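> Below is the sequence, then the predicted model.
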Amino acid sequence: MARSVLLQLTRDAILEVYQARNILNFEHLLHEQPLLQTPMNVRVCLYLENELFSTYTTDNDKTLLENISLAAKKAAFENKENILTATNYLHAEIELTLLTQEGELSERDGALLDSNEVLVPF
């Protein structure tokens, strides 16, 4: 099943930190997906083995794109005692909730690797 654009943006925002480079081209994304320009708060929850690992909710007037990037990075890296390692990233489920005036809309993305899979070095 294909990952939604918004969940892919959430994953890519975290991946930017691991790769120490910009992956998200905000200008291009805003041009291709005008909805991302809408001011909207979001909540990102990270789960490991079905347990809540970390969460972050935005509370500002930034665009949906800016808030997804901010919330993803804050949820993954802000809590010094609970930083999402690269290995945990592969096993993490990510839930993105859009906090709209009409209510909350949530979508959850499964882990990239299931908890039994192990990466084998080359």
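Nice, thanks for sending it over.

> correct me, but Asn67 touches Thr58?
Yes. Counting by C-beta atoms under 8 Å, a contact exists between Asn67 and Thr58, whose distance comes to 4.3 Å. The way it works is simple: take the backbone N, C-alpha and C, and place the C-beta from them, glycine included.

> The protein: helices as residue ranges?
Counting by DSSP state H, the chain has helices at residues 5-19, 26-32, 64-77, 86-91.

> Could you check which of Asn67 and Thr58 is surrounded by more residues?
Taking neighbours as other C-beta atoms under 10 Å, Asn67 and Thr58 compare with Asn67 leading, 26 against 19.

> Let me know the pLDDT of that one.
Per-residue confidence at Asn67 stands at 98 (pLDDT).

> Contacts only, for it.
Neighbour list for Asn67: Met40, Asn41, Val42, Thr58, Asn60 [criterion: C-beta atoms under 8 Å, 6 or more residues apart in numbering].

> what does Tyr56 give?
With contacts defined as C-beta under 8 Å, 6+ apart, Tyr56 is in contact with Arg43, Val44, Leu70, Ala71, Ala72, Lys74, Ala75, Glu78.

> doesn't Glu78 make contact with the second one?
No. Proximity of Val44 to Glu78 does not meet the contact threshold set by C-beta under 8 Å, at 11.0 Å.

> Buried by neighbour count, from the contacts of Asn67: which ones?
With burial judged by 16 or more other C-beta atoms under 10 Å, the buried subset of these is Met40, Asn41, Val42, Thr58.

> Tell me the spacing between the last one and Leu112.
What it means is Thr58. Distance of Thr58 to Leu112, given as C-beta to C-beta, to the nearest Å: 24 Å.

> Same question for the first one.
Here the criterion is C-beta to C-beta. By it, Met40 lies 26 Å from Leu112.

> ditto for the second one
Counting by C-beta to C-beta, the separation of Asn41 from Leu112 is 26 Å.

> now Leu29
Shown here: Leu29 relative to Leu112, a distance of 21 Å by C-beta to C-beta.

> Appreciated, that's everything.
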